[in-house]
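J.: take this sequence and fold it.
(one chain, ligands or ions: 1)
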Amino acid sequence: MIKEYVPSFTPPATRDDTAIWFAFHGGNVLVGISDAGPALMSCRHPGEHGLETTREHYLGTYGGQHCYTAELAGPNGLPPNHALLGLRDLFGHVDDTLAGLSGRAYQILEWDRNHRYCGRCGGETVPRSTERARECPSCKRTSYPPVAPAIMILIINGRSLLLARKFGWGNTRYSALAGFVEPGETLETTVIRETREEVGVEIKNIRYFGSQPWPFPNNLMIAFTAEYAGGAITPDGVEIEEARFFDIDELPKLPPSISISRRMITAVAADLAQQYR
Ligand SMILES: [Zn+2]
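T.: So this is what the prediction gives:
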């Protein structure tokens, strides 16, 4: 059963209960290691294990248990049977809700660390008591944890999918096209622009597929499918090294299963297999 996450920024008055701690050092999270695999830290406070924290935020409850995110003072002095695990590696071991929550935990710490000073007047910011925000007492500028929207587009032509391989030494994986939303764009405009820029083709019948928070560093991937409407595939030679249509029975090496890209390619290929049976 998937446990429910209830967000909140107001911590409980006391810390009597065992809570889930997302304790970070850089981009790595502290986990206990056992035969069952890595598990997030469960304790009243990391101080119980002799660990010092430099910043802490309350996240709400997960399955009724309080959750906190914290920055560890250093990578040393870890308790026995504990290790620092990259956030991407944790994603493969926990359910989607907990993966999303660990991404949120990481992004809140990053935002807190990067917004200690006002971007407008340089004054020192303070946390606001009524919401998760930092405010500049001098000029009243407020900052919130940022989210950068990015689109992903899977182009369908009959029973083939347009997949692209990015530049990168030894990169053999193919994926759907992706790109960032620019100021003033609708998502549809971004999808059309990115497709033209990266592979030079036209599309039609754009349809929403789903979305996934991607905390590397603070993206929300919004995934679409579209039908091929014309034009010769021309990789931009900057971001995309190679792009072509693959028959659904001959798909190349794809991104890992935790990514929405993989989920979308698999789902669309299964639909087309039904359709062209
Ligand atoms: Zn200011």
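
J.: in this protein, where is pLDDT below threshold?
T.: 1 (pLDDT under 70).

J.: nearest residue to the spatially most central residue of it other than its sequence neighbours?
T.: The centroid of the chain falls nearest to residue 214 when counting by Cα atoms, centre = their mean (1.1 Å). Residue nearest to residue 214 in three dimensions, not counting chain neighbours: residue 221, with 5.1 Å by Cβ to Cβ, 6 or more residues apart in numbering. Yep, even glycine has a C-beta here, placed from its N, CA and C like the rest.

J.: ok, now residue 74?
T.: Closest to residue 74 by Cβ to Cβ, 6+ apart is residue 25, at 7.0 Å.

J.: the ion contacts on the stretch 101-250 of the chain?
T.: 118, 120, 121, 123, 136, 138, 139, 141 (Cβ under 5 Å from the ion).

J.: can I have the buried ones of those residues as a PyMOL selection?
T.: Buried residues among these (16 or more other Cβ atoms under 10 Å), as a PyMOL selection:
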select buried, resi 118+136
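
J.: return the subset of the residues of the stretch 101-250 of the chain next to the ion lying in strands.
T.: Among these, no member falls in strands (criterion: DSSP state E).

J.: where along the chain do the helices fall?
T.: Counting by DSSP state H, the chain has helices at residues 87-91, 96-114, 187-199, 260-275.

J.: which secondary structure elements does the first one sit against?
T.: Packing contacts for helix 87-91, counted by 3 or more Cβ pairs under 8 Å, 6 or more residues apart in numbering; DSSP states H and E, involve strand 28-34, helix 96-114.

J.: check the second one too.
T.: For helix 96-114, the helices and strands in contact under the criterion 3+ Cβ pairs under 8 Å, 6+ apart are strand 5-7, strand 19-25, strand 28-34, strand 53-62, strand 65-72, helix 87-91, strand 202-214.

J.: could you list the buried residues of the fourth one?
T.: Within strand 53-62, the residues that count as buried by 16+ other Cβ under 10 Å are 53, 56, 57, 58, 59, 60, 61, 62.

J.: next one: the longest one
T.: Buried residues in strand 202-214, counting neighbours by 16+ other Cβ under 10 Å, are found at 203, 206, 209, 212, 213, 214.

J.: for those residues, work out which two are farthest apart.
T.: 203 and 213 (25.2 Å; Cβ to Cβ).

J.: so residue 3 sits right up against residue 96, yeah?
T.: No. In this structure residue 3 lies outside contact range of residue 96 using Cβ atoms under 8 Å: 11.1 Å.

J.: still on that earlier bit, JSON lines for the helices of the chain, including mean neighbour count?
T.: Below are the helices of the chain laid out as JSON lines (neighbours: other Cβ atoms under 10 Å):
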{"stretch": "helix 87-91", "mean neighbour count": "17"}
{"stretch": "helix 96-114", "mean neighbour count": "19"}
{"stretch": "helix 187-199", "mean neighbour count": "18"}
{"stretch": "helix 260-275", "mean neighbour count": "16"}
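
J.: what's the closest of the ones you listed to residue 129?
T.: Of all these, helix 96-114 comes closest under Cβ to Cβ, at 15.0 Å.

J.: hmm, back to that, nearest to residue 239, out of the helices and strands packed on helix 96-114?
T.: strand 202-214 (17.2 Å).

J.: now do the closest one against helix 187-199, angle only.
T.: Relative orientation of strand 202-214 versus helix 187-199 (axes from the mean of the first three to the mean of the last three Cα atoms, to 10 degrees): 100 degrees.

J.: what are the pairing partners of strand 202-214, and which direction each?
T.: Next to strand 202-214 in the sheet, as set by DSSP bridges, lie strand 219-230 (antiparallel).

J.: which one is residue 55 nearest to, not counting chain neighbours?
T.: That would be residue 71: by Cβ to Cβ, 6+ apart, it lies 4.7 Å from residue 55.
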